[in-house]
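Undergrad: with the input below, show me the fold.
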Amino acid sequence: MKPIQVRIPLKDQANDCELFNPRVTIARDVAPAAPSNSNQMPVNGSGQRTPSDARTAFDNLFKK
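TA: Numbering: from 1, shown residues only. Model (predicted):
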């Protein structure tokens, strides 16, 4: 570890350290991948999930 050269008393000031570079990320809108697992939660025709879908998914966790 490197020793701390200068203590910063006010932590909310801007960072002017030459070693600091903020990371920039870009969110991209992509099509969802096709489900690879056949034990996915079932979705009824309207696209809404129901409490019975959740129960079915829970039961599928413990099937052999």
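Undergrad: CA only for contacts and neighbour counts going forward, please
TA: Noted.
Undergrad: where does the chain dip in pLDDT?
TA: For the chain, the stretches flagged by pLDDT under 70 are 32-46, 64.
Undergrad: middle-most residue in it, spatially?
TA: Most central in the chain under CA atoms, centre = their mean is residue 27, positioned 12.1 Å from the mean C-alpha point.
Undergrad: so it: helix, strand or coil?
TA: Following DSSP: H, G, I helix; E, B strand; the rest coil, residue 27 is assigned to coil.
Undergrad: just the helices from the chain, written as ranges.
TA: Under the criterion DSSP state H, the chain contains helices at 51-61.
Undergrad: circling back to that earlier point, ramachandran coordinates for the residue nearest to the centre of the chain?
TA: phi -90, psi 130 (degrees, to the nearest 10).
Undergrad: contact partners for it?
TA: Going by CA atoms under 8 Å, 6 or more residues apart in numbering, residue 27 touches no other residue.
Undergrad: any idea how far it lies from residue 21?
TA: 19 Å (CA to CA, to the nearest Å).
Undergrad: same check on residue 9?
TA: Counting by CA to CA, the gap from residue 9 to residue 21 is 21 Å.
Undergrad: what of residue 15?
TA: Taken as CA to CA, the span from residue 15 to residue 21 is 10 Å.
Undergrad: and what of residue 4?
TA: Applying CA to CA to residue 4 and residue 21 gives a distance of 19 Å.
Undergrad: repeat for residue 29
TA: Residue 29 is 26 Å from residue 21, by CA to CA.
Undergrad: next: residue 56.
TA: Taking CA to CA, one finds residue 56 at 47 Å from residue 21.
Undergrad: just to revisit the earlier point, more neighbours: which of residue 29 and residue 21?
TA: It is residue 21, of residue 29 and residue 21, that has more neighbours when counted by other CA atoms under 10 Å, with 9 against 6.
Undergrad: quick one: that one from residue 8, how far?
TA: Distance from residue 21 to residue 8, by CA to CA: 18 Å.
Undergrad: kindly report the same for residue 23.
TA: Distance from residue 23 to residue 8, by CA to CA: 22 Å.
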